[in-house]
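Trainee: Sequence first, then the predicted structure, then my questions.
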Amino acid sequence: MIMNTRRQFALRTTAVAAAIGLGSVLSLAQAQTAVTTKIMVGFPAGGGTDAIARILAERLQAELAAPVVVDNKPGAGGQLAAQALKAAQPDGHTLFLSHDHSITILPMVMKNAGYDSGKDFVPVAGFATFVNAIALSAGTPATSFKGYVDLVRQGGGKANVGIPAPASVPQFLVQEIAKKNQLDLVSVPYRGSAPMMADMLGNQIPAGVASIPDFIENHKAGKLRVVAVMGKQRQAAMPEVPTFAELGLAGFEEVPYYGVFAPAATPKATLEKLAGAIQKAIAVPEVKDRLTAMGLTVGFMTGEQLAAREKAYAQVWSKIIKDSGFQPQ
């Protein structure tokens with residue numbers, strides 16, 4: 001009787017082990033055969049948007065139980081990546097992580113951007129807002145925004161200011177700073193924030209306007225100085241830096257957003273699955289802390305909420321662009 005019991009136990013143990021082994025093999029096989037999801041970024045590796053995409057992609061792999069990679073498609077301020085999204089299959093495996101420039105601004109400043117955000121894309125989810133700022137290179141003697149304005153005046157009133165892309169929010173911000181302070185500031189466009197940052201760190205250009213995620217690491221390291229930020233209030237990541245409104249430059253309180261977009265006609269069930277994964281990903285404390293440390297205000301927005309925010313943002317900036325006298329090119 002004892003022998004039979006031991007034999008039955010051994011058989012059960014073997015069966016359980018076999019089942020576990022089979023489950024592991026099946027899980028491995030499923031992981032190996034899972035379709036890779038690409039998150040396109042319209043700027044070079046090394047910039048703020050690229051870093052944000054990699055943080056999100058890393059966690060989404062766990063939430064989707066499938067490979068997720070970042071696909072950099074730099075050029076034309078994100079226009080090339082946006083056009084690639086338009087041409088992609090609407091199966092949920094090609095996504096576009098973007099901020100306001102590619103989605104809202106480019107279609108307003110170009111006669112033909114090659115895509116229509118409202119028709120060719122569908123918002124999956126928003127996950128953060130951020131602000132743009134002006135920073136000074138370490139080689140620039142000024143230590144404040146007022147000091148920078150005074151320095152430019154002393155030098156004849158003309159200076160170059162780097163921007164990550166032409167016809168962008170940073171360019172219009174430079175124009176407003178120049179107009180308000182009666183300066184001749186020339187926007188110098190780069191192919192993304194990474195090459196602009198390289199020139200700023202090398203003291204090749206005295207100032208630049210870009211997003212807080214682009215500047216924050218070097219600001220904290222003392223390699224450059226952020227001297228003013230957009231938004232209605234100071235940023236938690238750098239509370240010592242005043243807003244433009246505090247400095248007398250109103251009209252830049254509406255802050256841009258970060259979101260994930262899919263091709264139009266992507267099935268609703270697929271969009272809901274992706275949105276759920278994004279919501280879970282940014283709720284993970286480590287992910288939220290890393291994004292917050294980059295200067296983002298993390299918060300989930302459904303596709304519908306992101307679409308509404310995009311519409312409101314477009315209304316504000318269409319007026320600013322029109323009032324600046326800029327003509328679509």
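Mentor: Perfect, thanks for sending it.

Trainee: Could you check how far residue 150 is from residue 160?
Mentor: 17 Å (Cβ to Cβ, to the nearest Å). For the C-beta atoms, the positions are set from N, CA and C on the backbone; glycine is no exception.

Trainee: The closest residue in space to residue 73 that isn't next to it in sequence - how many residues pack around it?
Mentor: Excluding the flanking residues, the one nearest residue 73 by Cβ to Cβ, 6 or more residues apart in numbering is residue 81, at 4.0 Å. Close neighbours of residue 81, defined as other Cβ atoms under 10 Å, add up to 23.

Trainee: ok, now residue 106?
Mentor: 24.

Trainee: Could you check which helix or strand contains it?
Mentor: Assigning secondary structure by DSSP states H and E places residue 106 in helix 106-109.

Trainee: what helices or strands is that helix leaning on?
Mentor: Where contact means 3 or more Cβ pairs under 8 Å, 6 or more residues apart in numbering; DSSP states H and E, helix 106-109 is packed against helix 303-324.

Trainee: hey, C-alpha coordinates of the helix it packs on in CSV?
Mentor: Written as CSV, here are the backbone C-alpha positions of helix 303-324 (Å, rounded to 0.1, in the frame of the first residue of the first chain):
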residue,chain,number,x,y,z
GLY,A,303,-7.6,58.6,-27.2
GLU,A,304,-10.7,60.8,-27.0
GLN,A,305,-9.2,63.1,-24.4
LEU,A,306,-5.9,63.4,-26.3
ALA,A,307,-7.9,64.3,-29.5
ALA,A,308,-9.7,67.1,-27.5
ARG,A,309,-6.4,68.4,-26.1
GLU,A,310,-4.9,68.4,-29.6
LYS,A,311,-7.9,70.4,-30.9
ALA,A,312,-7.6,73.0,-28.1
TYR,A,313,-3.9,73.3,-28.6
ALA,A,314,-4.3,73.9,-32.3
GLN,A,315,-6.8,76.7,-31.7
VAL,A,316,-4.2,78.5,-29.5
TRP,A,317,-1.3,78.1,-31.8
SER,A,318,-3.1,78.8,-35.0
LYS,A,319,-3.7,82.3,-33.7
ILE,A,320,-0.1,82.7,-32.6
ILE,A,321,1.2,81.5,-35.9
LYS,A,322,-1.2,83.8,-37.9
ASP,A,323,-0.3,86.8,-35.7
SER,A,324,3.4,86.2,-36.3
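
Trainee: starting at the chain centroid, how far to it?
Mentor: Computed by Cα atoms, centre = their mean, to the nearest Å, the chain-centroid distance of helix 303-324 equals 17 Å.

Trainee: buried stuff in it?
Mentor: Residues of helix 303-324 classed as buried: 303, 306, 307, 309, 310, 313, 314, 317, 320, 321 (neighbour count, 16 or more other Cβ atoms under 10 Å).

Trainee: same check, this time on stretch 87-106
Mentor: Residues of stretch 87-106 classed as buried by neighbour count (16+ other Cβ under 10 Å): 88, 90, 92-106.

Trainee: Next up, the contacts around the spatially closest residue to residue 296 that is not a sequence neighbour.
Mentor: For residue 296, ignoring the flanking residues on the chain, the nearest one in space by Cβ to Cβ, 6+ apart is residue 128 at 4.0 Å. With contact taken as Cβ atoms under 8 Å, 6 or more residues apart in numbering, residue 128 is in contact with 52, 257, 258, 282, 291, 296, 297, 298, 299.

Trainee: and if we set it to 7 Å?
Mentor: Counting by Cβ atoms under 7 Å, 6 or more residues apart in numbering, residue 128 makes contact with 258, 291, 296, 297, 298, 299.

Trainee: do residue 183 as well
Mentor: Counting by Cβ under 7 Å, 6+ apart, residue 183 makes contact with 149, 152, 157.

Trainee: hmm, 10 Å instead?
Mentor: Neighbouring residues of residue 183 by Cβ atoms under 10 Å, 6 or more residues apart in numbering: 148, 149, 152, 153, 156, 157, 158, 159, 161, 174, 177.

Trainee: any idea how far residue 294 is from residue 279?
Mentor: Using Cβ to Cβ, residue 294 is found at 19 Å from residue 279.

Trainee: If you could redo that for residue 292, that was the one I meant.
Mentor: The value you get for residue 292 to residue 279, if Cβ to Cβ is used, is 16 Å.

Trainee: same check, this time on residue 155
Mentor: The spacing between residue 155 and residue 279, counted by Cβ to Cβ, is 50 Å.

Trainee: before we move on, what about residue 321?
Mentor: Distance from residue 321 to residue 279, by Cβ to Cβ: 33 Å.

Trainee: these two touch, right, residue 319 and residue 313?
Mentor: No. Using Cβ atoms under 10 Å, residue 319 is not in contact with residue 313, being 11.4 Å away.

Trainee: hang on, the earlier thing: reformat the buried residues of helix 303-324 as JSON lines; add distance to residue 216 and pLDDT.
Mentor: Shown next, in JSON lines, are the buried residues of helix 303-324 (distance: Cβ to Cβ, whole Å; pLDDT from 0 to 100):
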{"residue": "303", "distance to residue 216": "28", "pLDDT": "98"}
{"residue": "306", "distance to residue 216": "24", "pLDDT": "97"}
{"residue": "307", "distance to residue 216": "28", "pLDDT": "96"}
{"residue": "309", "distance to residue 216": "23", "pLDDT": "93"}
{"residue": "310", "distance to residue 216": "25", "pLDDT": "93"}
{"residue": "313", "distance to residue 216": "22", "pLDDT": "91"}
{"residue": "314", "distance to residue 216": "27", "pLDDT": "92"}
{"residue": "317", "distance to residue 216": "23", "pLDDT": "90"}
{"residue": "320", "distance to residue 216": "25", "pLDDT": "88"}
{"residue": "321", "distance to residue 216": "27", "pLDDT": "91"}
